[in-house]
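J.: Sequence first, predicted coordinates after that:
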Amino acid sequence: MSSSIALPGVLSSQWNYDVFLSFCGEDTRNAFIGYLYEALDRVGIKTYKDDVELRRGEEISPALLKAIEQSKISIVVFSENYASSTWCLDELLKILECKESKQQKVFPVFYKVEPSTVRQQKNSFKEALDKHENKFKDDAKVQKWKTALKQAADLSGFHLKIEENEPEFIKKIVLEVSSILPKRTCLHVAKYPVGYN
């Protein structure tokens, strides 16, 4: 049995990750995001996925901000409850900042929500943002989130419709991401090679 080891130097010093996944855990963590992460990992795409089930406080962690900065691509998975999370919205602000300052590639994924719902902040997105306005009394902050949602929704991405086949949909994302990353050069080695420490 053999496995593949990517040669060093695939990622430049600027990038520690190929992909950063931004998502709402309650909607997608245990299904879609898990499958997407596995599919990316299977083809050697180094992906950052926040595994913290319960985030504490309102502020996004410095480690998460650093992971975004050090990722070549961000995949933003918009789902029904994405806008209810201030963490997700702050991640999105940082992702779009890195798109401008570091030329990071950003792919929106519309997971069983219409792109127009995100772009125009309708339905669950409107309800969530209204709650944020009432809670924080900071209209400037909420306006930044609204602008970021519109900007991200205007980008070219992927739309999973309710009845669409998820495994096939994930394949499309992996193929697109793979096409814009440098080709990997791999060494194939036996599972227990002689003299390999």
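T.: Here it is on my side, so go on. Only a predicted model underlies this, so the values are computations on that prediction, with no experimental measurement involved.
J.: Give me the below-cutoff pLDDT ranges for this structure.
T.: Within the chain, the stretches with pLDDT under 70 are 1-13, 29-30, 51-59, 138, 184-197.
J.: now the strands for it?
T.: 2-6, 17-22, 47-48, 71-78, 105-111, 158-160, 186-190 (DSSP state E).
J.: okay if I get the ones you listed as JSON lines plus mean neighbour count?
T.: (Each C-beta comes from the backbone N, C-alpha and C, glycine too.) Listed next are the strands of the chain as JSON lines, based on neighbours: other Cβ atoms under 10 Å:
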{"stretch": "strand 2-6", "mean neighbour count": "12"}
{"stretch": "strand 17-22", "mean neighbour count": "24"}
{"stretch": "strand 47-48", "mean neighbour count": "20"}
{"stretch": "strand 71-78", "mean neighbour count": "26"}
{"stretch": "strand 105-111", "mean neighbour count": "22"}
{"stretch": "strand 158-160", "mean neighbour count": "18"}
{"stretch": "strand 186-190", "mean neighbour count": "11"}
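J.: looking at those, which is closest to residue 175?
T.: Closest to residue 175 of the strands of the chain is strand 158-160 (Cβ to Cβ; 10.9 Å).
J.: Sounds good, over and out.
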